[in-house]
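Peer 1: whatever this is, show me its structure:
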Amino acid sequence: MPTILSSPSSAPAKERRLTGRTVLLCLLGFFGCVTAVNVVMIRAAISTHGGAEKVSSYRAGLNFARDRSAAQAQQTLGWQVDITLPHRDAAVTPAAGRQGCVIAAHGCAASGPASVSVRDADGRPLAGLDARLVLVHPTDSRRDRSVPLADKGGGRYEAAIDVTPGSWGVDLDIDRNGERMFRSSGRVVLN
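Peer 2: Next comes the predicted model:
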């Protein structure tokens, strides 16, 4: 039975009927709007976030013993490894006593030359290694950058970095003949 809507005005009331067709159009319009908003929001979420990469706890547990023995082997090598990132103040010169930004400091630039110095336990430079600097973005894995370092001789490895300013993870991997010899991880703020 249709419902009759009327207004309390003094003019003669015009009847408006709520029909099944009106209800159907209202429902379709409502759910159409909800669907359109969902499509827009899902597309925005997928295009702006690379997604969280969950590392398997099971695999991490299996690899724990291997990683622990690799860390012990790295410790027994006694290598002295220094990472130097570009300094944000280009006016700072080597004559001023600062050749770059040490990883623990927060005066590092987001682009410029990065270098790694590798020495053995006796302080002798180590050459012929494969070194790679990995800059890891904390929230978006699509922005991660892996930078191979060129052997410049004398235990010095260099490459240019160019990333956006912000907080970054810095991983250094050094291999010899395909076997990982050294791994270091840290955090740095690049300006």
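
Peer 1: elements contacting the helix or strand harbouring residue 186?
Peer 2: Using DSSP states H and E, residue 186 sits in strand 179-190. Applying 3 or more Cβ pairs under 8 Å, 6 or more residues apart in numbering; DSSP states H and E, we find strand 179-190 packed against helix 57-77, strand 80-85, strand 166-176. C-beta coordinates here come from the backbone N, C-alpha and C atoms, glycine included.

Peer 1: quick one: average pLDDT of it?
Peer 2: Averaged over strand 179-190, pLDDT sits at 88.

Peer 1: would you mark the buried spots in that strand?
Peer 2: 181, 182, 184, 188, 190 (16 or more other Cβ atoms under 10 Å).

Peer 1: beta partners of the closest residue in space to the first one that isn't next to it in sequence?
Peer 2: Think residue 181. Sequence neighbours aside, residue 174 is the residue nearest to residue 181 in space, at 5.3 Å (criterion: Cβ to Cβ, 6 or more residues apart in numbering). As for beta bridges, residue 174 partners with residue 131, residue 182 under DSSP bridges.

Peer 1: which residue packs closest to residue 137, ignoring adjacent ones?
Peer 2: Per Cβ to Cβ, 6+ apart, closest to residue 137 is residue 143, 3.9 Å.
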